[in-house]
Every structure is written in structure tokens, then in C-alpha cells.
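> pasting a predicted model and its sequence here:
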Amino acid sequence: MTRILPILLAAGAVSALAQQSVSIRFKAMVGAEELACGKSYANIGTTKSTVSPRDFRFYVHNVRLVDAAGKEVAVDLKQDDKWQLDNLALLDFENATGSCANGTPDTNASVIGTVPAGTRVASLRFTLGVPFEKNHTDITRMPSPLNLTAMAWVWNVGRKFARLDFSSKGVPRGYAIHLGSTGCTPSETQTTVPTKCSEPNRVEVE
């Protein structure tokens, strides 16, 4: 699966919707094909297997646009009470149809916000994952998009930063790739809030 993951996590083009508004569009791809629930993809991996997606969602935060000189400009995310909270956004490519029956009908493939007028864009940077201060929180008390049980482990361990579930010819019952922080302590009980994690596993993407 090493050849699929970098492609699936690739960001799309950045487009200016207005003088100060930006919409950063993402697209989930399997090779040259767009990922879709209910669809199968052949010749994947070293075993040339056929795979079918069951879930694909991931969190991003600290989204920045970068100019040609390398100067970063933070994107001030629009607070929509569903996909974006403070500087965090959830990208969701499953639609609860076909093999993705355990998901949700709504999808989200954009991060929307504002930057100072006249910002020139050469590249995009963001952090894959949930910030530490938001990660180890009770999902029953957090607003969307941090209240999804499908994106959480035992709550003091934190969120699944990225969730990619699929089935294949070799594993018809399904296979899961879930990325999140590990080695979080203290961890005496499920409600003990960690103060550190030995493996944060937050990925910087450019």
C-alpha cells in the first residue's frame, strides 16, 4: 500500500474564490482514478490485488499558503459548525453507500478560509492530524468535527488522524490503516488525560 497512500493524501489546486477567500480542494485518488465508494480498483500493490474502499477520512490543521520566497501565510478557517473548528478541518471522501455503509452520507473535499488580500501562492503546507490540545478530549463534549466516534480511539488516547479502510481479494473482511498518536502517558485509566506522547505521528505535508 505504500504507493497508494501518498497519492490519496495529495492535495488539489488552491483557487481564489474572492479577493480574500480561498478554497483548497482535495481529491482522493487511486493511481489515475478517483476514489469512490462501491468501486473496485485492480492491480494494486506488489500482489496486483483488487481493492474496494470502505472509508477514507483525515484531519488537517495549521494550513498555510506559501509564496515564492518561502513566506508562510496562515489560512484563517471559516467556522462552519461541521467540518472546520478553529484551525482544524476534517476531509471526508466516503458517502455511506456501497462498501462504505458504516460511514456518513455527507462528504467534504475542501478547506475554506481567508488570507490577506494580495497573497501570492506558490505552494501549500499543512499538518496531518489533530493538535495535541484538541486530540485528548472527550468526544461526547466536543463540537463537530471532533465528536465522531468513527474517528476516535479510547478518548484519552485521542483521534484517528487518518482513517483508510478497504477490502481486497486477499482480505475480503477488510483491512484498516489508522494513524494517530501512540505511547501517550499517563494512561492509568480511560479518563486520564495524557500530557505527552512518545510518537505524536503528526505529518507535515507540502
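Arrived safely, thanks for sending.
> mind listing the helices for this structure?
5-8, 132-135 (DSSP state H).
> lowest average pLDDT across these?
Ranked by mean pLDDT, the helices of the chain end with helix 5-8 at the bottom, a mean of 42.
> I'd say S21 and I112 touch.
Yes: the pair S21 / I112 is scored as a contact, 7.5 Å apart, by Cβ atoms under 8 Å. All C-beta spots, glycine's among them, are computed from the backbone N, C-alpha and C.
> what about the longest strand in this protein?
The single longest strand within the chain, with elements called by DSSP state E, is strand 49-66.
> put the alpha carbons of that one into CSV.
Extracted C-alpha coordinates of strand 49-66, given in CSV (Å, rounded to 0.1, in the frame of the first residue of the first chain):
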residue,chain,number,x,y,z
SER,A,49,-4.7,-7.2,-5.8
THR,A,50,-8.2,-5.7,-6.4
VAL,A,51,-9.3,-3.4,-3.6
SER,A,52,-12.5,-1.7,-2.6
PRO,A,53,-12.7,1.4,-0.3
ARG,A,54,-14.7,1.2,2.9
ASP,A,55,-13.7,4.5,4.5
PHE,A,56,-11.3,7.4,3.9
ARG,A,57,-11.2,10.5,6.2
PHE,A,58,-8.5,12.6,7.7
TYR,A,59,-7.9,15.7,9.8
VAL,A,60,-5.7,18.6,8.8
HIS,A,61,-4.6,21.7,10.8
ASN,A,62,-2.2,24.6,10.6
VAL,A,63,-3.0,25.2,6.9
ARG,A,64,-0.6,27.7,5.3
LEU,A,65,-0.1,29.1,1.9
VAL,A,66,3.5,29.8,0.8
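> that one: how far from the chain's middle?
Counting by Cα atoms, centre = their mean, to the nearest Å, strand 49-66 is centred 4 Å from the centre of its parent chain.
> before we move on, what about stretch 178-186?
Stretch 178-186 sits 17 Å away from the centroid of its parent chain (Cα atoms, centre = their mean).
> what does it contact?
Residues outside stretch 178-186 that contact it (Cβ atoms under 8 Å, 6 or more residues apart in numbering): 58, 128-129, 132, 135-136, 153, 156-164, 192, 194-203.
> of those, grab the buried ones for ChimeraX.
Here is the ChimeraX command that selects the buried residues among the contacts of stretch 178-186 (16 or more other Cβ atoms under 10 Å):
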select :58,128,129,132,135,136,156,157,158,159,160,161,162,163,164,194,197,200,202
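> my guess is V66 meets R125, correct?
Yes: contact criterion Cβ under 8 Å: V66 and R125 qualify, at 5.8 Å.
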